[in-house]
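1. Structure for the following, please:
(2 chains)
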Amino acid sequence: MIDSSWLTEFPDMSRRDLLAIRQTLDGAYRTFSRAYGESIENFFNPLLHFLVWFENLLLQTPWWLVLAAIVGLVYAATRSWKLCAGVLASFLAIGYFGMWEDTMRTLSIITVCTILSICIGIPIGILMARSDRARSIITPLLDIMQTMPAFVYLIPVVMLLGIGRIPGVIAVVIYAIPPVIRLTNLGIRLVNKETLEAATAYGATPTQRLFGVQIPLAMPTIMAGINQTIMMALAMVVVASMIGVKGLGQPVLKSITNQYFTLGLLNGLAIVALAIIFDRVSQSYAKRAQKHLEGTENG
Amino acid sequence: MDNNRETLIEIEGLYQIFGPKAEDVLPKVKAGASKEEVLAETGHTIGLQDINLSVKRGEIFVIMGLSGSGKSTLIRHFNRLIDPTAGKIKVDGENIMELSPKDLITFRRHKMAMVFQHFGLMPHRCVLDNVGYGLLIKGEKRAEWKPKAVSWLETVGLAGYEDQYPSQLSGGQQQRVGLARALCTDAEILLMDEAFSALDPLIRSEMQEQLMELQENLQKTIIFITHDLDEALRLGDRIAVLKDGKLVQVGTPVDIVLKPADDYVRAFAKDVNRARALTVQTIMTPDTTQLKGTTAKDVRASFPQDKDHAFVFNNEVYQGVLTKQKLDQLQDDDLLSDALIHVEPVRRTNLLQKVIPLSLNTRFDLPVVNKKGELKGRLEASKLADVLSP
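-> Predicted coordinates for the structure are as follows:
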C-alpha cells in the first residue's frame, strides 16, 4: 500500500536529520568561538576600556558636578531654560529615589552605543544612497536586524564573548542602528535634484557634493534617524541587562522575577525620563541648527 | 546680429535614448523608426534624435519647445550633466565627450555656468556664499572672491542681501542670486534652463530686460531654454525649435515668425503678438554710417550716396536727421543744427510696440543706439510694416 500520511501531516524532515544539522552548526560555531573568541575579545578591548573609563568618570565625579555638566550641555545645545529646568528636576528626582548610580551606568552605555551607531551607521547609509546594489543588499539585512527577536542574536554574541558590557553594547548597537542607516540613505536620496545638479554644473567633485551639499541638506532627516536610534537603544537597556549590562535594566529584571511592582515602576520611569530628555534635547538642537532650511521647498 | 562670428559650440549627430540597452536600439532609431515604434518594440524612449546645431560666440541661442520636447535634456548635454547615447559635442573645437572625469570638472569650473528653473540654490548657505559658490569650489579663499560676489549682487540689484538665506528671498530675488552666481564665475558660456519660467509675468519681463542689458556689456554666449515663444523671440539672436526630440527649425526670430518651416512652428508663430515679442534688434539694419561735425562742409563728403537722409553725431552724441535735400541747400559754413530734424533714437532692446508710434511720426528711418549712445543701425519703416503684417 502507498503511504498517504503526507496528505494529513506535513512531510517534515526526520528528527534525526534536524538534530544532525543543529549539532553540526552549533559545533562549528563553538569551534569558531573557541578559536577566535579571544582575538575578537582583544579587538573589542579598546572599546571596553573606553566604556569602563567613561562609566567611572560619571560615577566618581561628585554628583553635583555631573549634574551641572549635563545641564550645561543641554543649555549649549538647545538654549532653552525651560528644558534645562526639566532636566534638572528629573535628575534630582532620580537621585533622590536612589537610582543615581544605575542611571549613570545606563547613561554611559547609551552614549557609547549612540556614538558607535552614528560612526558606523552614517557611512553605511551614505554607501546605500550612492549605490542601488548596496541598497538592495543592506535593506533586507536591516529588516532582519529590526525584526529578529533580540534574544536570538544575544545567543551567538554571548557564546562568542561571554556576558558583560561588550556583548551588551553589540546587542544594543545591532538593535538600534537601522534607523540611522535608513534615514541617512533616505535623506541623501531626497536632496533636491536641481541643487545637486547645480553643484555638479559648477564643477564640484563627488567629495564636494557629498560634504558640501548632500550631507548638510540631508541633516534634518539624519538627525531624525539619530533620535530614533537613541530611543531604540534605551528600549534595549532592559534586554541587555539579561547578559550582565549594569544599569537601570537590572533592577527592572529583578522586579519581574520577584514581583516588586514599585521598584520596577520607579526604574522604568527613570528610563522614560532619560528617553524624553535625549529626545527633546536632540530634536531642539537639530531644529536650531537647521533653522534657515525651513520653507525652502517653495519654488 | 552679424552672421560672421566664429562658431563656439558645435553639436553633431546627437542621440539620447533612455533605457537599459540604449546602444542596441540606436541603429533602429538611426534607420528612422518612430518614437512610438521604438517604445512598443524595445521599451526605450527616444529623448533626442539627430541634433545638429552650432552656436556662435557672443550670441543668445534660444532652444524652444513644449514640455517633453527634450529641451531640458538637450541643455544638460552642453556640460555633460547627461551623457548622450551617440554624438559629438565640441566647445572651442574640443570634443568634450573625450574629457576625463578630472578634465570635465575643470571644464565645468572654467567654461560654463548654469542657471536653473527652480534656482538650484544651496539653502544652507547665505546669499553671498551662493553667489561665490563657483569660486568656492575651485578652492579660492572667501576673502579673495568676496568683493567680486558683492559687486555682482549689486549688479543684479540685491545689494545688502549678502547675509540672508535663500529661503528669505522671493522667487525673483532667488533667481537674481542664481544669475549672479553664474556671472561670478566669469565663464564664457551661460546655460539658462527655463531660467525665468517659474517667475510671475511682471518679474519675468523685468528679468528679461536685465539679462539683455547685461548682455549688451558682457557679450557672453548664452544658451537659453524656454517653452514661451514670446520670450524666445524677445531674447534670441537665433532660435532652435525642438519637437519630440528633433530640431524642426533653426533661425532668427524674424525667420521663425515670417518663414515658419512647418505647420508646428506656424501654429506657434500664429498666436504671437509680434509687436510685443520682437525687439528692434531683430529687424534693424546694421549700419554705422554717421555724419560727424557741426557745419555742412564737415559732412558733405561723407554723406551716403544711396540714402536720402542720414544721422548726424557731434562729439559722439546723436543730434538728429539730415536730409540730402536740406544739405544741398546749405552753404559750406552754415551750421547743421538749424537744418536737423529731430527723430527720437531707439534702443536695440526696445520692443517693437514701443517704436511703432515713433516710426509713424516720421518719414525717416529711426536711429538705433546702444546704452552709451553709439549708433548701431537703422530701423526702416518698411521692415517694421513687413514684420507686423500677418
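
2. just so I have it, where are all the helices in the stretch 151-299 of chain A?
-> Along the stretch 151-299 of chain A, counting by DSSP state H, counting those that start in this stretch, helices occupy A:165-176, A:178-189, A:193-201, A:206-209, A:215-235, A:237-241, A:249-258, A:261-289.

3. ok, now which ones touch the one residue in the stretch 51-200 of chain A that gets nearest to chain B?
-> In the stretch 51-200 of chain A, the residue that lies nearest chain B is A:Ala198 (3.4 Å; Cβ to the nearest Cβ). No exception for glycine: its C-beta is placed from N, CA and C like everyone else's. By Cβ atoms under 8 Å, 6 or more residues apart in numbering or on different chains, the residues touching A:Ala198 are B:Met114, B:Phe116, B:Gly120, B:Leu121, B:Met122, B:Tyr133.

4. Against chain A, which of those residues make the cut? List them.
-> Contacts with chain A within the contacts of A:Ala198, as defined by Cβ under 8 Å from any Cβ of the partner chain: B:Met114, B:Phe116, B:Gly120, B:Leu121, B:Met122, B:Tyr133.

5. Hmm, B:Gly134 and the fifth one touching each other?
-> No - the pair B:Met122 and B:Gly134 does not pass the contact test of Cβ atoms under 8 Å, sitting 11.7 Å apart.

6. Have a look at those two and say which one is more surrounded.
-> Neighbour count, other Cβ atoms under 10 Å in any protein chain shown: between B:Met122 and B:Gly134, B:Gly134 has more, with 29 against 22.

7. Mind putting the helices of the stretch 151-299 of chain A into TSV with mean pLDDT and distance to B:Glu23?
-> Below are those laid out as TSV (pLDDT from 0 to 100; distance: least, Cβ to Cβ, whole Å):
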stretch	mean pLDDT	distance to B:Glu23
helix A:165-176	89	44
helix A:178-189	96	28
helix A:193-201	93	24
helix A:206-209	93	25
helix A:215-235	92	34
helix A:237-241	84	54
helix A:249-258	90	60
helix A:261-289	90	46
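
8. do you know which of the ones you listed lies nearest B:Phe107?
-> For B:Phe107, the closest of the helices of the stretch 151-299 of chain A is helix A:193-201, at 11.0 Å, according to Cβ to Cβ.

9. tell me the angle of that closest one relative to helix A:215-235?
-> 120 degrees (axes from the mean of the first three to the mean of the last three Cα atoms, to 10 degrees).

10. returning to what we had before: right, and the helices of the stretch 151-299 of chain A - which one's nearest B:Leu340?
-> Closest to B:Leu340 of those, according to Cβ to Cβ: helix A:193-201, at 52.1 Å.

11. Output the closest one as PDB, nothing but the C-alphas.
-> The C-alpha atoms that make up helix A:193-201 are tabulated as PDB, following Å, rounded to 0.1, in the frame of the first residue of the first chain:
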ATOM      1  CA  LYS A 193      17.900  67.200  -7.600                       C
ATOM      2  CA  GLU A 194      18.400  70.600  -9.100                       C
ATOM      3  CA  THR A 195      20.600  71.800  -6.100                       C
ATOM      4  CA  LEU A 196      22.800  68.800  -6.600                       C
ATOM      5  CA  GLU A 197      22.900  69.400 -10.400                       C
ATOM      6  CA  ALA A 198      23.900  73.000  -9.700                       C
ATOM      7  CA  ALA A 199      26.800  71.800  -7.700                       C
ATOM      8  CA  THR A 200      27.800  69.400 -10.500                       C
ATOM      9  CA  ALA A 201      27.400  72.000 -13.100                       C
END
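
12. Flag every buried residue along that helix.
-> Neighbour-count burial for helix A:193-201, counted by 16 or more other Cβ atoms under 10 Å in any protein chain shown, picks out A:Glu194, A:Thr195, A:Leu196, A:Glu197, A:Ala198, A:Ala199, A:Thr200, A:Ala201.

13. Equivalent analysis for stretch B:158-167, please.
-> B:Leu158, B:Tyr161, B:Glu162, B:Gln164, B:Tyr165, B:Pro166, B:Ser167.

14. Distance to B:Arg109 added to the helices of the stretch 151-299 of chain A, as JSON lines?
-> Formatted as JSON lines, the helices of the stretch 151-299 of chain A follow (distance: least, Cβ to Cβ, whole Å):
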{"stretch": "helix A:165-176", "distance to B:Arg109": "42"}
{"stretch": "helix A:178-189", "distance to B:Arg109": "24"}
{"stretch": "helix A:193-201", "distance to B:Arg109": "10"}
{"stretch": "helix A:206-209", "distance to B:Arg109": "11"}
{"stretch": "helix A:215-235", "distance to B:Arg109": "21"}
{"stretch": "helix A:237-241", "distance to B:Arg109": "51"}
{"stretch": "helix A:249-258", "distance to B:Arg109": "56"}
{"stretch": "helix A:261-289", "distance to B:Arg109": "30"}
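
15. so which of these comes closest to B:Asp83?
-> helix A:193-201 (12.4 Å).

16. how far away is B:Pro84 from chain A?
-> According to Cβ to the nearest Cβ, to the nearest Å, B:Pro84 stands 17 Å off from chain A.

17. quick revisit: out of the helices of the stretch 151-299 of chain A, which comes closest to B:Val346?
-> helix A:193-201 (36.9 Å).

18. Now do the most far-flung residue of chain B relative to its centre against B:Gln325, distance only.
-> Most distant residue from the mean C-alpha position of chain B: B:Gln331, 46.8 Å away (Cα atoms, centre = their mean). Shown here: B:Gln331 relative to B:Gln325, a distance of 15 Å by Cβ to Cβ, to the nearest Å.

19. B:Glu6 now?
-> B:Glu6 sits 43 Å away from B:Gln325, going by Cβ to Cβ.

20. So what's the predicted local confidence for the closest residue to B:Ala187 other than its chain neighbours?
-> With sequence-adjacent residues excluded and distances taken as Cβ to Cβ, 6 or more residues apart in numbering or on different chains, B:Ala187 is closest to B:Ala113, at 4.1 Å. If you check B:Ala113, the pLDDT there is 94.

21. Name the SS class of the residue nearest to B:Thr185 when sequence neighbours are not counted, please.
-> In space, not counting the residues next to it along the chain, B:Thr185 is nearest to B:Gly134; the distance is 3.6 Å by Cβ to Cβ, 6+ apart. Of the three states, B:Gly134 takes helix under DSSP: H, G, I helix; E, B strand; the rest coil.

22. residues touching B:Gly134, list them.
-> B:Gly134 is in contact with A:Tyr202, A:Gly203, B:Arg109, B:Ala113, B:Arg181, B:Ala182, B:Cys184, B:Thr185, B:Ala187, counting by Cβ under 8 Å, 6+ apart.
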